[in-house]
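Asker: Using only what follows, build the 3D model:
(2 chains)
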Amino acid sequence: MERTHTCGELRKDDVGSSVVLMGWVAKKRDFGPLTFIDLRDREGITQVVLNEETSPDAHAKAKDIRGEFVIGIKGAVVEREGTHNAKLATGDIEVHADELLIYNTAKVPPFELEKSGSQNLASEDLRLKYRYLDLRRPQLQNNIRMRAKAVAAIRQYFDGRGFIEIETPILLKSTPEGARDFIVPSRIHTGKFFALPQSPQILKQITMISGFDKYFQIARCFRDEDLRADRQPEFTQLDMEMSFVNREQVYREIEGMFNHVLRLIDVEFPTEWPRMTHSEAMRRYGSDKPDLRFEMELQDLSSALKDTEFAPFRDTLDRGGEIKCIVVKGRSDYSRKQTDEIQEYVKRYGAGALAWIKIAADGTLASSLLKVLGEEKIAELASLAGAEKGDAVLIVAGRRSVVAASLGALRLEVARREDLIDRTAYKPLIVTEFPMFEHDEESDTYIAAHHPFTSPMDEDIELFKTAVNDASQHHLLGQVRAKAYDAVINGYECAGGSIRIHQKEIQDLNFKALGMTPEKARERFGFFLDALEYGTPPHGGFAAGIERTCMILCGTENIRDVMAFPKTASAQDLMMDSPGEVDDAQLNELGIRVE
RNA sequence: GGGGUCGUAGUUCAGUUUGGUUAGAACGCCAGCCUGUCACGUUGGAGGUCGCGGGUUCGAGCCCCGUCGGCCCCGCCA
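Answerer: Got it, this is the predicted structure:
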């Protein structure tokens, strides 16, 4: 028996032909002398009919068949008359089998692959343990295949643009990224370790120094940090780098690549995406990756409260903090319970409290601040926020970073609760001019906001030099902007990159800014500093998360839906039960003792 | 490292508010019947250490303590 068709391709035109189909039994419906089998392969489902009168042997064999058995059938394609099934792509036809081969039996699966009606899927841990069964579900099949298409489209794009695909090693030395490394012991050099790449950052810069000019790679990356719905310990990124380019030229490639990929789901982005500086994004949306599918921008109430005597606000403003709000349209009916919930929500992000104003449909004002600020001030604030009758205003005061984080998160949370997000919309954005450094409150030091090879903006070079060389001006580092940028789609950071430093002096300056001694810098990236001195071209690039991109293509908010074999939130593989222990012999060979 | 939430039949859940006889439903599974189903129908049946351990109580799925695991979030992830 040789397969002639898949289970997804037979149509009316095929009626009359003799076909052989192979696949898994998705469903059997036994009517005694007549048996129906829904036969499934990766392309779809075809209904097979076994009739006791016309093919008794095949019909008799079907008696033993259960779900997920692997079978092959041979028979004639017959048009369904009056019984056509609109839910199936093959629903106009069915195959009347006269031969049936059972290639393999299957145990009853530990969960139902396709639940009927409104029943939920089995719990995720069970499905992860039997990932090979879960992957048979058409939904996951589609996601994994969409991922393959996306990667193919990316390769096609960069190949067409003259980029060269170069593989960099998985066994590396620890790279400068901030995350924890996965380390691999060396047997030959006992006591020494390789590190798995968190990204091929340094190596791709070295390919520029080597003169490859336009490089790309579909690179596996590893970070030993805690997981999230959109984070796994190993993930894949599209990594690219170009020489002799400015930021706009890199943006063009980001736009070109994503525009090409998004066509897979018939989304047409503008040739040039909107741009927004980091500071504007933080001010208007409280986020460096704003979701532009809905409005609800943050409004600043600080100026209207500059003379307030209400202690919490007074303190906030005196300490350089701010008071901002969002307006929730039509929700002046928020209950005490709901505002309490919202308060609990913002507290996670460090906000001390949540204040609110509600404007009833008749204009009556209610507010948690009514007693302390008075009706007149409340009305002024509501008006300043742009609130109208029927709206609710949610207010947070505090440090700028806390106000941004809490209101930025609350903006998304409220949008979800109020169903304000258009699920069919796709809004791209390039966020520019990220700060070069972030201030670490605890150690009162400045750390690289991007990575230590990111170039400062030309306009800020003098500021940068002053901040580094004059200890009393160190705080100015917080104002230095970098030639760093992110690509954001629907609030997901899909790609990030920068123009790199190509002059050794600037690089040295940057290490100094980060509090790294020349010796320390040399110890960590001496080879790279050496390379910088042998004719480094100006260069820049970006890296795009393959999983994040596929999540958007597949419309899912869970990274596990776009990976074939993902790990749980506690970084375990439930199917193969990894990580696992190793033999003492293996450890001895590596000179490792486990406490 | 911290917080939230969930854990009851093979699966998804109800039952926990207010402790009380024999822990239910649906789907799945097993056996029979059925020639047009596609969430087939129908008759019958099997199936439970209520995550695990301890405690309170005459009595615990339900209350208390601990513990393990899934998911989500904060920190972390440039």
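
Asker: Just the residues contacting the helix or strand A:A152 falls within, thanks.
Answerer: In this assignment (DSSP states H and E), A:A152 forms part of helix A:138-160. With contacts defined as Cβ atoms under 8 Å, 6 or more residues apart in numbering, helix A:138-160 is touched by A:42, A:134-135, A:165, A:214, A:216, A:218, A:238, A:240, A:256-257, A:260-261, A:263-264, A:546, A:549-550, A:553-554, A:556, A:561-562, A:564. Glycine gets a C-beta too; all of them are placed from N, C-alpha and C.

Asker: distance of A:A311 from A:A385?
Answerer: Per Cβ to Cβ, to the nearest Å, A:A311 is found 22 Å from A:A385.

Asker: before we move on, the earlier item: give me the helices and strands touching whichever helix or strand comes after the helix holding A:A152, please.
Answerer: Next helix or strand after helix A:138-160 toward the C-terminus (DSSP H and E): strand A:164-165. Counting contacts by 3 or more Cβ pairs under 8 Å, 6 or more residues apart in numbering; DSSP states H and E, strand A:164-165 packs against helix A:138-160, strand A:215-222.

Asker: So what are the sheet partners of strand A:164-165 and their directions?
Answerer: strand A:215-222 (parallel) (DSSP bridges).

Asker: quick one: is the strand it pairs with near RNA strand B?
Answerer: No - using Cβ under 7 Å from any atom of the strand, strand A:215-222 stays clear of RNA strand B, coming no nearer than 8.5 Å.

Asker: In a markdown table, list the helices and strands packed on strand A:164-165 along with mean neighbour count, distance to A:N104 and mean pLDDT.
Answerer: Below are the helices and strands packed on strand A:164-165 laid out as a markdown table (neighbours: other Cβ atoms under 10 Å; distance: least, Cβ to Cβ, whole Å; pLDDT from 0 to 100):
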| stretch | mean neighbour count | distance to A:N104 | mean pLDDT |
| --- | --- | --- | --- |
| helix A:138-160 | 16 | 20 | 97 |
| strand A:215-222 | 21 | 33 | 97 |
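
Asker: picking up where we left off before, so of the contacts of helix A:138-160, which ones are in strands?
Answerer: Residues of the contacts of helix A:138-160 located in strands (DSSP state E): A:165, A:216, A:218, A:238, A:240.

Asker: now these in a markdown table, with distance to A:M146?
Answerer: Converted to a markdown table, the ones in strands among the contacts of helix A:138-160 look like this (distance: Cβ to Cβ, whole Å):
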| residue | distance to A:M146 |
| --- | --- |
| A:E165 | 21 |
| A:F216 | 20 |
| A:I218 | 15 |
| A:L238 | 15 |
| A:M240 | 21 |
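
Asker: out of those residues, which one sits closest to A:L21?
Answerer: A:L21 lies nearest to A:I218 out of the ones in strands among the contacts of helix A:138-160, by Cβ to Cβ, at 34.5 Å.

Asker: can you pull up the bridge partners for the closest residue to A:A385 other than its chain neighbours?
Answerer: Distances taken as Cβ to Cβ, 6 or more residues apart in numbering place A:Q299 nearest to A:A385, at 4.5 Å, with adjacent residues excluded. Taking DSSP bridges as the rule, A:Q299 bridges to A:C325.

Asker: For A:Q299, the count of nearby residues, please.
Answerer: Using other Cβ atoms under 10 Å, A:Q299 has 19 other residues around it.

Asker: Check the one 10 residues further on too.
Answerer: As a burial measure, the neighbour count of A:E309 was computed by other Cβ under 10 Å and equals 9.

Asker: before we move on, which element is it in?
Answerer: Going by DSSP H and E, A:E309 is not in any helix or strand.

Asker: measure it to A:I499 for me?
Answerer: Distance from A:E309 to A:I499, by Cβ to Cβ: 48 Å.

Asker: now A:T6
Answerer: From A:T6 to A:I499 the distance is 48 Å (Cβ to Cβ).

Asker: Tell me which of those two has more neighbours.
Answerer: Counted by other Cβ under 10 Å, A:T6 and A:I499 do not tie: A:I499 has more neighbours, with 25 against 16.

Asker: Show the pLDDT at that one.
Answerer: With respect to pLDDT, A:I499 has a value of 97.

Asker: shouldn't it be in contact with A:R247?
Answerer: Yes - using Cβ atoms under 8 Å, A:I499 makes contact with A:R247 at a distance of 5.9 Å.

Asker: what touches both of the two?
Answerer: By Cβ under 8 Å, 6+ apart, the residues touching both A:I499 and A:R247 are A:483, A:540.
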